Structure formats: C-alpha cells, structure tokens
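generate coordinates for the sequence data below:
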Amino acid sequence: MVADISDIFDVLEHHEFAAAPVIRTNFALNRRIWRKELPLSVPRYNCGLIGIQNTPRMLAFLEQAEATMIAENLDRDQSMMREMLFESDIRVVTLPYEYNFNEPTMIDILSDRFAAPRVLHFWRMRDHLLDSQLHRMTIEEILGPARSWLLERHRANDAFLGAKEPVTMQSIAELRKRETDALLEEMLNQDSVGETERVEDGYIKDSVQSDAAQTSAQPLHSLR
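Okay, here's the model as predicted:
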C-alpha cells in the first residue's frame, strides 16, 4: 500500500463487495473457466485486495467460497469468485485499477491525467516467501530508479491525495523518447556516427541505439 485506501470503507456503506478488476485479461491464467463461460464484459476481480461489508450475508458468501475451494481442491479463486458473484444478487462495486496496480510497465504511460496508484501488487514482492534464499525486494528494486521517481511524482501530484495545484507532467515514455531523440540529434550534428550505418527511415543502427538506450535508462536528473 503506497497511499491511503480508507475511502473503500465509504464505498462499503452502499455496496457489499469491492475489488479491482484483472487487467491482463488475455493471459491464459486469467481465461480459466470454473463452471460457466462468461463474456469478457463480466469483470474478473483480483482477490488480492477486496472490501466486504461485515454482514451475515457476506460472511456466508465467503464461507461458501472457501468450502468450495477446499472441496474442489482449487488452486485459484478468481474464476470461481467471478462466477459466484455473477450468479448472485450481491451489490458489487468495481474499484479503479489504482487499487490493484500490478503491471510495473504501466507506470511508463502515466501522466498528470492519471491518479497515482494506491496499492502495488507485484509478484516479485513475494518471491522471498517461495525461496528462503531470496531477500524481500523493495519497491525501488522492483521498479528501478526512473519508475520509482515517477511514482513519487504522481503521489505528490495527485489531487485526491491533497495536491492543491497539480503540475503538468509527461509520461516516462515521453521523457525517454525526448531524451533519446535529443541524443541522436546531437550525435548526428557532431558527425559522431562513426562506423554505424544510416538506414532509410532515419534510424541509426547498433552502437548509437545502444548508447541511446543506456542514456534513456538513467534517472531523469534534469527533470527533478
């Protein structure tokens, strides 16, 4: 959790179940069927974080889900929960992706038009639970310096988290492209292409691309 999520309790004043949807819907694991095939328009919820009303009705629903998993020896709960919720009259609210941010590369496209993630749900955060030889990875180790920096920028820029005058931000992809284009232009202007060849569509092969990639992977100090 990297930001306040207490507003989920506000949602539960009116709904019984709250969760964020799975976004990698074409992944084989996320296309599993329990008993009934449902259309893509029916969300598959990531059960890593759910909010429920503490009522006898919801506790009975969860007890039924648990008993089903045990009886059928299921190793995943999402397909079952999806179908059970679909067949029920439980009042479900779909939380936005910020409440279950599980794809690090999505940070690359965030700009000032996006709210900051609230919950990071990365598989690599629990690698140490599967292998005692591994240490518990930090967010910075998983994201790397550039994405970690951009995540902090977004938290500071999020109006829902108290930012009074959000600043205009570019996505990390836009920033990297700008830096890469600037590097290539500088190398061409200095006639430092060297042994590399120019191709017809204006890109440069081999060492120039490698140098640009290394430069674009560095922290964006100039933008701090």
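
could I get the buried residue list for the lengthiest strand in the chain?
Counting by DSSP state E, the longest strand found in the chain is strand 45-52. Across strand 45-52, burial judged by 16 or more other CB atoms under 10 Å covers Y45, N46, C47, L49, I50, G51, I52. C-beta: built from backbone N, CA, C; applies to glycine.

nearest spatial neighbour of the first one, skipping sequence neighbours?
Just to be clear, that refers to Y45. Sequence neighbours aside, A19 is the residue nearest to Y45 in space, at 3.9 Å (criterion: CB to CB, 6 or more residues apart in numbering).

and that neighbour, what are its phi and psi?
phi -160, psi 160 (degrees, to the nearest 10).

quick revisit: send over the longest strand of the chain as PDB, restricted to the C-alpha atoms.
The C-alpha trace of strand 45-52 is given here as PDB (Å, rounded to 0.1, in the frame of the first residue of the first chain):
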ATOM      1  CA  TYR A  45     -11.700  -9.400  -9.900                       C
ATOM      2  CA  ASN A  46      -8.200  -9.700  -8.400                       C
ATOM      3  CA  CYS A  47      -8.800 -11.100  -5.000                       C
ATOM      4  CA  GLY A  48      -5.500  -9.800  -3.600                       C
ATOM      5  CA  LEU A  49      -7.500  -6.900  -2.100                       C
ATOM      6  CA  ILE A  50     -11.200  -7.000  -1.600                       C
ATOM      7  CA  GLY A  51     -13.500  -5.000   0.600                       C
ATOM      8  CA  ILE A  52     -16.700  -6.500   2.100                       C
END
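
who does that strand pair up with?
Using DSSP bridges, the strands paired with strand 45-52 are strand 17-21 (antiparallel).

spatially, which two of the buried residues of strand 45-52 are the most separated?
Across the buried residues of strand 45-52, no pair lies farther apart than N46 and I52, at 14.6 Å, counting by CB to CB.

thinking again about what came up before, packing partners for the helix or strand that the longest strand of the chain is followed by?
Once strand 45-52 ends, the next helix or strand along the chain (criterion: DSSP states H and E) is helix 56-72. Here helix 56-72 touches helix 78-87, going by 3 or more CB pairs under 8 Å, 6 or more residues apart in numbering; DSSP states H and E.

and the helix it packs on, what does it pack against?
Using 3+ CB pairs under 8 Å, 6+ apart, the elements in contact with helix 78-87 are strand 45-52, helix 56-72.

and the longest one, what's buried?
The one in question is helix 56-72. Residues of helix 56-72 classed as buried by neighbour count (16+ other CB under 10 Å): F61, A65.
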